[in-house]
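Peer 1: give me coordinates for this.
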Amino acid sequence: MEFETIIGLEVHAQMLTDTKIFCNCSTKFGGAPNSHTCPVCLGMPGVLPVLNKKVVEYAMMMALATNCTINPSNSFARKNYFYPDLPKGYQISQYAYPLAEHGYVWIDMDGKQKKIGITRIHMEEDAGKLIHDENNPFSYVDLNRTGVPLIEIVGEPDIRSPEEAAEYLKRLHEILVYLEICDGNMEEGSFRCDANVSIRPVGQKEFGTRTELKNMNSFRNVQRALEYEVKRQQYLVENGESIIQETRLWDDAQGATNSMRSKEEAHDYRYFPDPDLVKVVVDEDWITQIRESLPELPVAKRERFIREYQIPAYDAGVLTADKALALYYEDVVRLCGKPKQASNWVMGDVLRFLNEGKRDIRQCPISARSLADMINLIEEGTISGKMAKDIVEDMYHTGKPPQDIIREKGLVQITDEGELTETIKAIIDAHPVQLADYRGGREKLFGFFVGQVMKATQGKANPQLVNNLLKKMLAP
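Peer 2: Below you'll find the model as predicted:
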């Protein structure tokens, strides 16, 4: 039997605000347990939440960037459940009246564009964190994260493969980071994803029983977890067993999903309007103000790079995957005026050094000015491309500009035709046998003479000039 996979993702993104969504406590990660708390986020009797306007504006930015319709009136609700990391006994979220609905993003799969729908984007507060003692039968609760502002991006069940799911997740992550409203750190939990997955026989219209997957902290793990779960569900159906609607946890070490609990429905949470918070009214002027503040988004930047800099789509994709990398590349191009050469050096040596050192472009010791200067020195013939490979490595390890390294190591390329002619003449005179063989038809010996010239000049000779001179001087 052939099956079709149905996947919908629910993405939680922590907003990059200084304070929490309903109080003035810090959102900074890594504080001492329970140090970023107050009576409001701890749910003490008699306290009142006050909505952080910046959270609304950040959520509106993401809504507009993903083509959503912003509702003129939206409101908060209480999502009721009991867990040790939820001090109030409920989570303030949005349910019946979310901030935004009916959006979409495009993903690229094997050169084809696919539209993935977004059901809604709503605001809510985060819960706390349980810390389990490995040596004793105790668990501790850290409520620093309680009340940290989140947006939840609920996707339509338009995804048909784990690969599509990973690509969709990357697009959302990319947009959030470009907007500078979320740092996108999956390890710290500021960008996380739950997946709803089901299968159905090809041709069937009704959805199958779905399971929810949690605890996936990387794009790779999202794809791996979905691949495993799809195979597990297919195995059950093919062997006459039923799929249970449940929440399952991904175990990276085992490479498998394990049952956690039965899956809750909306009515299990007994949602009702939060009586302490007024409706959020969003007028057209506010929407226009937010829309005008949006930066150039990844897809638009990618298309502009291809059009303006005449670089391949692949190059543009790599260079715009990170906003800071795109800015770095544009600085290099502005300073040297050579887009393709800049693309080659940034995507090649610079990113290789950064990946090896586990750094990102913001920590790059090679300034845009230094890289541009090196490209210009190659184009001017001051250094060769081979010399540049060694120079750029020194630039990365020392932070020095190329001019200083060239001067310190005496790496200026020899471009004086008279000087090279004398060197080549001496080499030809010293190798009469090879000269006779070359003139007798052994053309591969041309490389031998090139090598001898480069050896004699310690690699400083201009390769193109050497080739031109040798062709003339070796001719019968």
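Peer 1: what residues are up against the residue nearest to Pro401 when sequence neighbours are not counted?
Peer 2: Nearest non-adjacent residue to Pro401, counting by Cβ to Cβ, 6 or more residues apart in numbering: Ser370, 4.7 Å away. Heads up, the C-betas are built off the backbone N, CA and C, glycines and all. Applying Cβ atoms under 8 Å, 6 or more residues apart in numbering, we find Ser370 in contact with Met395, Lys400, Pro401, Pro402.
Peer 1: one more time with 7 Å
Peer 2: By Cβ atoms under 7 Å, 6 or more residues apart in numbering, Ser370 lies in contact with Met395, Pro401, Pro402.
Peer 1: same check, this time on Val332
Peer 2: Per Cβ under 7 Å, 6+ apart, neighbours of Val332: Ala342, Val346, Ala368, Leu371, Ala372.
Peer 1: let's go with 6 Å and repeat that
Peer 2: Ala342, Ala368, Leu371, Ala372 (Cβ atoms under 6 Å, 6 or more residues apart in numbering).
Peer 1: mind checking what helix or strand follows the helix or strand harbouring the last one in sequence?
Peer 2: Secondary structure assigned from DSSP states H and E places Ala372 in helix 368-380. Reading on from helix 368-380 to the C-terminus, the next helix or strand found by DSSP H and E is helix 385-398.
Peer 1: angle of that next one against helix 368-380?
Peer 2: Counting by axes from the mean of the first three to the mean of the last three Cα atoms, to 10 degrees, helix 385-398 lies at 160 degrees to helix 368-380.
Peer 1: quick revisit: now the contacts of Val332 as CSV including distance to Lys129, neighbour count and pLDDT?
Peer 2: As requested, the contacts of Val332 are exported to CSV (distance: Cβ to Cβ, whole Å; neighbours: other Cβ atoms under 10 Å; pLDDT from 0 to 100):
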residue, distance to Lys129, neighbour count, pLDDT
Ala342, 44, 28, 97
Ala368, 40, 21, 97
Leu371, 42, 27, 97
Ala372, 46, 22, 97
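Peer 1: widest-spaced pair of those?
Peer 2: Based on Cβ to Cβ, the longest span within the contacts of Val332 runs between Ala342 and Ala368 and measures 9.1 Å.
Peer 1: show me the shaky parts of this structure.
Peer 2: Low-confidence segments of the chain (pLDDT under 70): 263-264, 266, 412-414, 416.
Peer 1: may I see the buried residues of the top helix by length along it?
Peer 2: If each helix of the chain is counted by residues according to DSSP state H, the longest one is helix 219-238. Under the neighbour-count criterion of 16 or more other Cβ atoms under 10 Å, helix 219-238 has 219, 221-230, 232-234, 237 buried.
Peer 1: which secondary structure elements does that helix sit against?
Peer 2: helix 162-179, strand 191-201, strand 211-216, strand 256-262 (3 or more Cβ pairs under 6 Å, 6 or more residues apart in numbering; DSSP states H and E).
Peer 1: mean neighbour count and distance to Ala63 for the ones you listed - can I get that in CSV?
Peer 2: Formatted as CSV, these follow (neighbours: other Cβ atoms under 10 Å; distance: least, Cβ to Cβ, whole Å):
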stretch, mean neighbour count, distance to Ala63
helix 162-179, 21, 11
strand 191-201, 21, 17
strand 211-216, 20, 24
strand 256-262, 14, 31
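Peer 1: closest one to Asp276 among those?
Peer 2: Between Asp276 and the helices and strands packed on helix 219-238, the tightest spacing by Cβ to Cβ is seen for strand 191-201, at 27.2 Å.
Peer 1: paired strands for that closest one, with orientation please.
Peer 2: With DSSP bridges as the test, strand 191-201 is paired with strand 3-14 (antiparallel), strand 211-216 (antiparallel).
Peer 1: ok, residues contacting that strand?
Peer 2: 1, 3-13, 169, 173, 184, 207-208, 210, 212-214, 216, 222, 226, 229, 233.
Peer 1: off-centre distance for that strand?
Peer 2: Centroid displacement of strand 191-201 relative to its chain, using Cα atoms, centre = their mean, to the nearest Å, is 21 Å.
Peer 1: same question, stretch 265-282
Peer 2: Relative to the centre of its chain, stretch 265-282 is centred 33 Å away, using Cα atoms, centre = their mean.
Peer 1: and if you look at stretch 36-53?
Peer 2: In terms of Cα atoms, centre = their mean, the centre of stretch 36-53 is found 34 Å from the chain centre.
Peer 1: in that stretch, what's buried?
Peer 2: Residues of stretch 36-53 classed as buried: His36, Thr37, Val40, Cys41, Leu42, Gly43, Pro49, Leu51, Asn52 (neighbour count, 16+ other Cβ under 10 Å).
Peer 1: helix or strand for the fifth one, just tell me which one.
Peer 2: Assigned by DSSP H and E, Leu42 belongs to neither a helix nor a strand.
Peer 1: surely it and Pro87 touch.
Peer 2: Yes - at 5.1 Å, Leu42 and Pro87 qualify as touching, with contact defined as Cβ atoms under 6 Å.
Peer 1: against Arg359, how distant is the residue nearest to Pro401?
Peer 2: 16 Å (Cβ to Cβ, to the nearest Å).
Peer 1: again with Asp276
Peer 2: 45 Å.
Peer 1: and if you look at Lys170?
Peer 2: Counting by Cβ to Cβ, the gap from Lys170 to Arg359 is 21 Å.
Peer 1: quick one: Ile424 from Phe449, how far?
Peer 2: Distance, Ile424 to Phe449, by Cβ to Cβ: 8 Å.
Peer 1: with Ala65 instead?
Peer 2: Distance, Ala65 to Phe449, using Cβ to Cβ: 60 Å.
Peer 1: with Val346 instead?
Peer 2: Val346 sits at a distance of 35 Å from Phe449 (criterion: Cβ to Cβ).
Peer 1: go on, Asn71?
Peer 2: Asn71 is 76 Å from Phe449, by Cβ to Cβ.
Peer 1: repeat that for Leu474.
Peer 2: 7 Å.
Peer 1: so for these two, which sits in the more crowded spot?
Peer 2: Shown here are Leu474 and Phe449; by other Cβ atoms under 10 Å, Phe449 has more neighbours (21 against 17).
Peer 1: re the thing from before, out of the contacts of Ser370, which comes closest to Lys455?
Peer 2: Using Cβ to Cβ, Pro402 is the member of those that lies nearest Lys455, at 24.0 Å.
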